[in-house]
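>>> Provide a 3D model corresponding to the input given below.
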Amino acid sequence: MRSGRLLRRLGEGGDTIVEVLLAIAVVSAVLGGAFVSANRSLNGTRVSQERSEATKLVQSQAELLSAATKDPAASADIFANVGVGNTFFLNNNLSRGGASTTRGIYTILIRREAPNTFLVRAQWQKTGSGTAEEMFIRYRAYPNP
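This is a model prediction of the structure:
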């Protein structure tokens, strides 16, 4: 009697190696897809964060340029001494210095394109890919009378 039960148990099949390998392959595919999706989401968040920071930097320089053009001394300096095609940078003290500045991963430039038109531009290398990105704002200003 005992040997009959033992033979019945041995005859009942468990999971075969093919079934186990198939289950592992399905679980691996699901986990791999989740990893790829999470990685793309993280990269998208980084790119969005970099663009947002660049926008803030460009806008702050445009605001400083606007404030400088309303100040008679700074306005005279910008409109008299910075020729068309010249590049300059306004720091937080409204003073000019150098052709550009680098803040973190960003290079900020202000270029005078026409007598009353300025281009404020941020350039940076995208995190992860290393490709160049840029953002710019054109600002039209008139000297204080």
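
>>> Heading C-terminal from the helix or strand of the chain with the lowest mean pLDDT, find the next helix or strand.
Lowest on mean pLDDT, DSSP states H and E among the helices and strands of the chain sits strand 101-103, with a mean of 54. With elements assigned by DSSP states H and E, the helix or strand that comes after strand 101-103 is strand 106-114.

>>> Tell me which strands that next one pairs with, and in which orientation.
strand 87-88 (antiparallel), strand 101-103 (antiparallel), strand 117-125 (antiparallel) (DSSP bridges).

>>> Now mean neighbour count and distance to Asn43 too, for these, in a markdown table please.
C-beta coordinates here come from the backbone N, C-alpha and C atoms, glycine included. Listed next are the strands paired with strand 106-114 as a markdown table, based on neighbours: other Cβ atoms under 10 Å; distance: least, Cβ to Cβ, whole Å:
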| stretch | mean neighbour count | distance to Asn43 |
| --- | --- | --- |
| strand 87-88 | 16 | 32 |
| strand 101-103 | 13 | 22 |
| strand 117-125 | 19 | 14 |
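
>>> for Ala25, what are its contacts?
Counting by Cβ atoms under 8 Å, 6 or more residues apart in numbering, Ala25 touches no other residue.

>>> for Gly44, that is, sorry about that
For Gly44, the contact set (Cβ under 8 Å, 6+ apart) is empty.

>>> three-state assignment of the residue sitting nearest the centre point of the chain?
A centroid search over the chain (Cα atoms, centre = their mean) returns Glu50, at 2.5 Å, as the residue closest to the centre. Here Glu50 is helix, with the state taken from DSSP: H, G, I helix; E, B strand; the rest coil.
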